[in-house]
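Visitor: Got a predicted model here, sequence first, then my questions.
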Amino acid sequence: MITLDYATMPTPAGPLTIVAGPDGRVRATGFTADVPGLVALIHPTLRGGEPRERADLGDVTAKVRSYLDGDLTAIDDVAVHQHTGGVFMAHAWEVMRRIKAGEPVSYTRFAELSGRPAAVRAAAAACARNAVAFFVPCHRVLRTDQRLGGYRWGLDVKRWLLDHEARV
């Protein structure tokens, strides 16, 4: 059985909970203290038993702290593991990780960057199905009119993240 570990840390945007697998790769993350709700986002094949609480998750926690302290690239190479559900989804998540902090793009531009300019809905679905939001920064994808659009963890959190990245 897979063993999952989790840690919840305070941030200016609220509690951030990170769930990692035994290999240290992040399986889910969100601005919530609801661990069962967060684990439910993980594909069943990547779950496991009851997750164990940890004070921190070592390097992952350190990188989040660095990001919060202003090193916006600190989270760029945090290893993640999520079930793709298809080739486009996996590719879209890779592309999303290359969107630079402070340089958000529209869903239309994100679809173009993903190699399928007509697939705006598929690009939006990649944001919506992203279980490791924050490390795969779907908050950096906006509506064409630059309004926030949706975000699983709330628009206040999305706004805080974008403002934090624009300030630094």
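Guide: Arrived safely, thanks for sending. Numbers count the residues shown, from 1 in each chain.

Visitor: which other residues reach whichever strand or helix holds A126?
Guide: Using DSSP states H and E, A126 sits in helix 120-128. Defining contact as CB atoms under 8 Å, 6 or more residues apart in numbering, one finds that helix 120-128 is touched by 88-89, 92-93, 96, 107-108, 110-111, 114, 116, 138, 141, 150, 152. In short, each C-beta sits where N, CA and C put it, glycine included.

Visitor: what sits against the spatially most central residue of the chain?
Guide: The chain has A133 as the residue nearest its centroid, 1.5 Å off, counting by CA atoms, centre = their mean. Contacts for A133 (CB under 8 Å, 6+ apart) come out as 29-30, 139, 151-153.

Visitor: what secondary structure does the nearest residue to D34 once chain neighbours are set aside sit in?
Guide: Of all residues not flanking D34 in the chain, T17 sits nearest, at 7.7 Å (CB to CB, 6 or more residues apart in numbering). Classification of T17 using DSSP: H, G, I helix; E, B strand; the rest coil returns strand.

Visitor: tally of neighbours for T17?
Guide: Neighbourhood size, T17 [other CB atoms under 10 Å]: 22.

Visitor: Just the pLDDT for it.
Guide: pLDDT recorded at T17 is 98.

Visitor: That one and L113, how far apart?
Guide: 29 Å (CB to CB, to the nearest Å).

Visitor: Also T8?
Guide: From T8 over to L113 (counting by CB to CB), the distance is 32 Å.

Visitor: what does T84 give?
Guide: Per CB to CB, T84 is found 17 Å from L113.

Visitor: Neighbour count for those two, which is higher?
Guide: Neighbour comparison, T84 and L113: the larger count goes to L113, with 17 against 14 (by other CB under 10 Å).

Visitor: Find the nearest non-adjacent residue to the more buried one, please.
Guide: V95 (5.1 Å).

Visitor: The one you found touches E112, doesn't it?
Guide: No. Using CB atoms under 8 Å, V95 is not in contact with E112, being 9.8 Å away.
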